[in-house]
Structures are given as C-alpha cells and as structure tokens.
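A.B. asks: Just to be clear, the model below is a prediction. Sequence and coordinates:
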Amino acid sequence: MSTLNLIYPERSDIRFKTMVFPDGQPHIKIDMNSLQGISRQEPVQLITRIDNANDLMLTLFIKNTLDYLEFETVELYVSYLMAARMDRVMLDGEPFSLKIIAAILNQAQFKKVKIFDPHSEVATALINRSYAVTNHQFVKDALADYFQKYPTTVYCLVSPDAGALKKIHKLAQFLQTDNVVECMKERDVKTGALTNFKTTTDNLQGQTCFIVDDICDGGGTFAGTAKMLKEKGAVKVNLIVSHGIFSKGTKIEFVDAVYTTDSFRKVEGVECVEVEKYL
C-alpha cells in the first residue's frame, strides 16, 4: 500500500506540493515522477487531519486527483475530524454540523474511512464505510510511560462525564482493570458554564487518577473534575486525551500531567506522541 501523508509529508510515498491561492482556496500538485512503479490497482492510503474547511477541501481535491489518475482504491485515515462534537442539533437555530461533513465525505466515495477516536458513534454511523480507531493503545502507552517513571503508582481510570462512560468501560476491559471512577457535571448549553461536579466514589486516598477523554479544548471539564478528585483524596490527577486543542493553553488547574497526540496539532509542554502509529 502506498501512502499520501499530509500529516508527515516527509513519510509520503507519493510526493506532492500544497499551496493556498490568494483567495484562500487550497491546492495540491502531485509529483508524477513519484508515481513511477506504483500500480493503479494498489491501494493508496491518504493520511490527514480534517480540522478546518481547507483540510476538508484538500482531502476532496486529493481524492479527485487520484481518481483522474485511475487509482482504483483510495482509503482515508483521519487523525482528527472536524464537527465530530456537533453530533446532533444542540439548540434551535444551530446546524447538525457532523451530518453535513459526513455528506461531503460520502460523495468522495472512499473505499474505507478510519477515524482516530471520534467523539461518538454518530460519526461512523453517518460516514459510509467508516471505522473508529479506539484510544486503547494510546492510553496503554501513556500509562506505561507514566508507570516507568512512577512504578509503584496505584491508579484508577476516570470518566469525566456521562458521555465518556461507555468508552471508558470498554477501555477498562482492554486494560484488564475494574477500578473506574464515574464523574458527572452540569453544563449550560447556552453559556457553556460548568457546575456541580460529582463522583460516585467517596474516597480516593493514595490513588493517582487518570482522566481519559477524546478532546481537550478549553480544559474546564478537566480542571473542575481534577479539583473534585483531589478533594476526595487523590494524590495526583493526570489527563489523557486523544485530541489536544488546548485553546486556553496546556496548563490546566489541578491537573498534574497531560498526555495527548498530535492528531490536531503538535503540542509543546506536554507529553505529545505521534498519532500515525495508531492509525
């Protein structure tokens, strides 16, 4: 299988150049010399982030180019999917954004679409021939790195809210642990304000808590959860998130360490691993 790798262009089998026209339109030009010896019947793996409209358009432009070059099978591997969090109509007057993105991707007719840790199962339900890549191996690697530094750690996995609960129990099964702490919060969907952080666990004395979730944007959920966990006696609270946006910075109050991937961007100041190994 040949690759066209937009995240790590230097690793791409099919070489290319990208640019943005003065009007903001993205563009790509494939180096035809790099196609010598590549069979049109051989699958092509397109590896990319889709974190803005230009990324989405460039993905479609690449697929169209490969179609014109008569490649029969093009598979799409997505490290981050824009609008994945907008998996329903939140408030009257707002769009079902993920449905729109899915419809656009579907018309490109990729043979397969693999998405790293999408926000919910709605993404794979809407996108044709799509499959979720779980965060399981990433979390296992993050824990292994931490335990190498602190081998005597007694730990628990923490679900920060109801939305993460189903996924974290599957993760716990993969990691062969049953020490899962369930947390809750209340969010005002109109203002985004977070309040009333709770947990079903009364005593966390001596434990290191690992909050696991898919996305860290502003970090408010994790700061509030970490504060509450430490009030319950947690020694340390660490965060493992697949997609690090960190719109308000990587310093999150009450959180001691952060693990993420470069699925959205390369993040400095935290433990950030390359996403490609999980795709």
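C.D. replies: On my side now, so go ahead.
A.B. asks: Ala226 belongs to a strand, doesn't it?
C.D. replies: No: secondary structure assignment places Ala226 outside any strand; it is helix (DSSP: H, G, I helix; E, B strand; the rest coil).
A.B. asks: Around it, how many other residues sit close by?
C.D. replies: Burial measure for Ala226: 26 neighbouring residues, criterion other CB atoms under 10 Å. Every residue, glycine included, has its C-beta placed from N, CA and C.
A.B. asks: can you tell me how far it sits from Leu204?
C.D. replies: Distance check for Ala226 against Leu204: by CB to CB, to the nearest Å, it reads 11 Å.
A.B. asks: same question, Met82
C.D. replies: Here the distance between Met82 and Leu204 works out to 36 Å (CB to CB).
A.B. asks: And those two? Which one has more around it.
C.D. replies: Between Met82 and Leu204, counted using other CB under 10 Å, Leu204 has the larger neighbour count: 22 against 18.
A.B. asks: Which of the three states applies to that one?
C.D. replies: Leu204 carries the three-state label coil when classified by three-state DSSP.
A.B. asks: What segments of the protein are helices?
C.D. replies: In order along the chain, the chain carries the following helices (DSSP state H): 53-68, 97-107, 122-126, 136-149, 165-175, 220-231.
A.B. asks: among those helices, which is nearest Thr261?
C.D. replies: When the helices of the chain are compared for distance to Thr261 using CB to CB, the nearest one is helix 136-149, at 6.3 Å.
A.B. asks: Give me the packing partners of the closest one, helices and strands only.
C.D. replies: If contacts are counted by 3 or more CB pairs under 8 Å, 6 or more residues apart in numbering; DSSP states H and E, helix 136-149 sits against helix 165-175, strand 208-216, strand 236-244, strand 257-261, strand 271-273.
A.B. asks: Distance check, the residue lying closest to Ile104 once chain neighbours are set aside against Asn135.
C.D. replies: Of all residues beyond its chain neighbours, the one nearest Ile104 is Leu56 (6.5 Å), with distances taken as CB to CB, 6 or more residues apart in numbering. From Leu56 across to Asn135, the span is 23 Å (CB to CB).
A.B. asks: Neighbour count: those two, which is higher?
C.D. replies: Neighbour comparison, Leu56 and Asn135: the larger count goes to Asn135, with 25 against 19 (by other CB under 10 Å).
A.B. asks: which residues touch Val275?
C.D. replies: The neighbourhood of Val275, defined by CB atoms under 8 Å, 6 or more residues apart in numbering, consists of 7, 79, 116, 261-263.
A.B. asks: how about a cut-off of 7 Å?
C.D. replies: With CB atoms under 7 Å, 6 or more residues apart in numbering as the criterion, the residues that contact Val275 are 79, 116, 261-263.
A.B. asks: now for the residues you listed, which pair is the farthest apart?
C.D. replies: Phe116 and Asp262 (11.0 Å).
A.B. asks: Between the two, which has more neighbouring residues?
C.D. replies: Set side by side, Phe116 and Asp262 give different neighbour counts by other CB under 10 Å, the larger being at Phe116 (24 against 19).
A.B. asks: So what pairs up with the more buried one in the strands?
C.D. replies: Applying DSSP bridges to Phe116 gives these bridge partners: Val133.
A.B. asks: That one and Tyr77 touch, don't they?
C.D. replies: No: between Phe116 and Tyr77 there is no contact under CB atoms under 7 Å: 8.0 Å.
A.B. asks: pLDDT below threshold where in this structure?
C.D. replies: Using pLDDT under 70 as the threshold, the predicted model of the chain has low-confidence ranges 189, 191.
A.B. asks: and with 80 instead?
C.D. replies: For the chain, applying pLDDT under 80 flags the ranges 186-193, 195-196.
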